[in-house]
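A.B. asks: here is my input; please provide its structure:
(one chain, ligands or ions: 1)
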Amino acid sequence: MKHKSTNFETKCIHAGISDYEFGSVIPPIYQTSTFKFESAEHGANLFAGKQKGYIYTRMTNPTVEALEDCVAELEGGYKALGCASGMAAINTVFAAMLKAGDHVVCSSIVYGPTTTLLSTIMAGFGVETTFVDTSDIEAVKSSMRPNTKMLYVETPANPTLTITDLKAASEIAHSSGAKLVVDNTFLSPALQRPFEFGADVVLHSMTKFLNGHADVVAGIVIVKDEETYKHFRKVLNQLGGVIDPFNSFLVHRGIKTLYLRMKKHCENAQIVAEYLEKHPLVKWVSFPGLKSHPQYELAQKQQDGPGGVISFEVEGGYEAGERMMNSLTLCQLAVSLGGIETLIQHPASMTHASMGKEARMAAGISEGLVRLSVGIENPKDIITCLETALEESRKTIDAPAV
Ligand code: LCS
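C.D. replies: Numbers count the residues shown, from 1 in each chain. Below you'll find the predicted structure:
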């Protein structure tokens, strides 16, 4: 009988299906679009759900299923649905849970395209959204309406790292007859498992920490019960935004080292955040592992670590920040996060540009904010790179006004 460990590092290696064809230790890549039926009757039975088996890869595929079962177990859910990207996962959740006339309460700070999706496409379909600072639980409570079907939170939020109290949020959602959906991308199940605090649906951009190697775009939705799973599966099958077998294999391989990577991401980010906080050319730093983070205590309660993402602002405004980003020698100037390499980007002109300045200002995403995804390099090398770049940024401050 399969030994079920409760230790996360063991789960990263063994979670999900363990018996593969031919005794393969690692899930084989079933790179096929379709599956042969033994007979016409067999095909009909599979379609009718009278027999278990595979039909067509948009519906299910053994390599994809191996990854889905692994992530579902890591999150403590019932089953999962692998998607083509994080945005495909979010679209699947919205399509499965919302209809015209429904109302959504969403964190004012979430990944830019999530905000835009709600305020444009979903609004066009007749779904209204109220964006609210979900770290303010009273504000969340007063935003709920009789037709609110979903409370959507990202915690820590991209890019400010604002934290939402998941237990309080789930209590508010449930007492209003709504469901709590949590984007858990920034921490991964290694550091936060929203179902433990009452969430109804959890989703990820697996492009980030779950895969961890910056070589795949993928997403996943995890649900708690069979009924929801069956409904979501039908919706995903109709929308069509499924993950493919090869990317499933790569993400599954990445997950084997999730525990180790997250530990190192947290350690490195803590060192870098403390360094930045003391630096005279840094205006402010937001990182859940710093006592100066307004929700440090909450992070200690609901997270098993601070995560690997830091946001900060350089003295001297946009120009100084730009000069700093153009002077990097090790950290790479690129969007995305959660990979083994350190990445830096400027949300106002990049990941959150689609929101528009007004919405960014209202949400507290300043024009000078820089986001750093700390990799697993030696932290001394990351700091040396930042030190040189910050010194370069000083030149814009010291330059005489023309
Ligand atoms: N959720 C969060 C929290 C994200 O950060 C992202 C992407 C998504 C969902 C969407 O996932 P995707 O479709 O890209 O797999 N965040 C990005 C970022 O901050 N920079 O580039 C992508």
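
A.B. asks: got the residues of the stretch 251-400 of the chain near the ligand?
C.D. replies: Selection of the stretch 251-400 of the chain residues close to the ligand by C-beta under 6 Å from any ligand atom yields 335-337, 351. For glycine as for every other residue, the C-beta is placed from the backbone atoms N, C-alpha and C.

A.B. asks: over to the stretch 51-200 of the chain?
C.D. replies: 85-87, 111, 154, 158, 183, 185-186.

A.B. asks: could you rerun that using 8 Å?
C.D. replies: Residues of the stretch 51-200 of the chain lying close to the ligand (C-beta under 8 Å from any ligand atom) are 85-90, 110-114, 154, 157-159, 183, 185-186.

A.B. asks: now, which of the residues you listed lie within helices?
C.D. replies: 86-90, 112-114 (DSSP state H).

A.B. asks: select from the residues you listed the one having the most neighbours.
C.D. replies: Neighbour tally across these (other C-beta atoms under 10 Å): the maximum, 30 neighbours, falls on residue 89.

A.B. asks: that residue: what's it in contact with?
C.D. replies: Contact analysis of residue 89 by C-beta atoms under 8 Å, 6 or more residues apart in numbering lists 81, 83, 203-205, 219-221, 241.

A.B. asks: rebuild those as a markdown table, extending it with secondary structure.
C.D. replies: Output for these, formatted as a markdown table (DSSP: H, G, I helix; E, B strand; the rest coil):
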| residue | secondary structure |
| --- | --- |
| 81 | strand |
| 83 | strand |
| 203 | strand |
| 204 | strand |
| 205 | strand |
| 219 | strand |
| 220 | strand |
| 221 | strand |
| 241 | coil |
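
A.B. asks: now this protein against the ligand: closest residue?
C.D. replies: Among the residues of the chain, residue 86 lies closest to the ligand, at 2.2 Å counting by C-beta to the nearest ligand atom.

A.B. asks: now do the contacts for that residue.
C.D. replies: 111, 183, 185, 203-208, 218-219.

A.B. asks: so for those, which is the shakiest by pLDDT?
C.D. replies: Across the contacts of residue 86, the smallest pLDDT goes to residue 111, namely 94.

A.B. asks: in the stretch 251-400 of the chain, which ranges drop under the pLDDT threshold?
C.D. replies: In the predicted model of the stretch 251-400 of the chain, residues 399-400 satisfy pLDDT under 70.

A.B. asks: quick one: the helices in it?
C.D. replies: Remark: helices assigned in the stretch 251-400 of the chain by DSSP state H, counting those that start in this stretch are 258-278, 296-302, 317-325, 357-363, 379-398.

A.B. asks: all strands for this protein, in order.
C.D. replies: Ranges of strands within the chain are 79-83, 103-107, 128-132, 148-154, 179-183, 201-205, 219-223, 282-286, 309-314, 332-333, 343-345, 369-373, based on DSSP state E.

A.B. asks: what residues does the fifth one touch?
C.D. replies: The one in question is strand 179-183. 86, 90, 93, 97, 110-111, 114, 149-155, 166, 169-170, 173-174, 194, 198-205.

A.B. asks: let's see 6 Å
C.D. replies: 93, 150-154, 169-170, 173, 194, 199-203 (C-beta atoms under 6 Å, 6 or more residues apart in numbering).

A.B. asks: likewise the fourth one?
C.D. replies: Applying C-beta under 6 Å, 6+ apart, the set of residues contacting strand 148-154 from outside is 97, 102-107, 110, 134, 164, 169, 173, 176, 178-183.

A.B. asks: ok, back up a step: nearest to residue 342, of the contacts of residue 89?
C.D. replies: residue 205 (18.4 Å; C-beta to C-beta).

A.B. asks: the closest one contacts residue 186, correct?
C.D. replies: No. In this structure, residue 205 is not within contact of residue 186 by C-beta atoms under 6 Å, at 9.4 Å.

A.B. asks: separation between residue 30 and residue 232?
C.D. replies: Counting by C-beta to C-beta, to the nearest Å, the gap from residue 30 to residue 232 is 22 Å.

A.B. asks: give me the distance from stretch 317-335 to the chain's centre.
C.D. replies: 24 Å (C-alpha atoms, centre = their mean, to the nearest Å).

A.B. asks: residues of it that come out buried?
C.D. replies: 318, 320-325, 327-328, 330-332 (16 or more other C-beta atoms under 10 Å).

A.B. asks: and the end-to-end length of that stretch?
C.D. replies: End-to-end distance for stretch 317-335: 20 Å, by C-alpha to C-alpha, to the nearest Å.

A.B. asks: tell me the pLDDT of the nearest residue to residue 298 once chain neighbours are set aside.
C.D. replies: Sequence neighbours aside, residue 163 is the residue nearest to residue 298 in space, at 5.3 Å (criterion: C-beta to C-beta, 6 or more residues apart in numbering). Looking at residue 163, its pLDDT reads 98.

A.B. asks: surely residue 163 meets residue 297?
C.D. replies: No. The criterion here is C-beta under 6 Å, and residue 163 misses it with residue 297 at 9.8 Å.

A.B. asks: between those two, which one's more packed in?
C.D. replies: Shown here are residue 163 and residue 297; by other C-beta under 10 Å, residue 163 has more neighbours (25 against 10).

A.B. asks: which residues sit against stretch 95-111?
C.D. replies: With C-beta under 6 Å, 6+ apart, stretch 95-111 has contacts from 118, 126-134, 143, 145, 147-154, 157-158, 160, 162, 232, 235, 239, 363.
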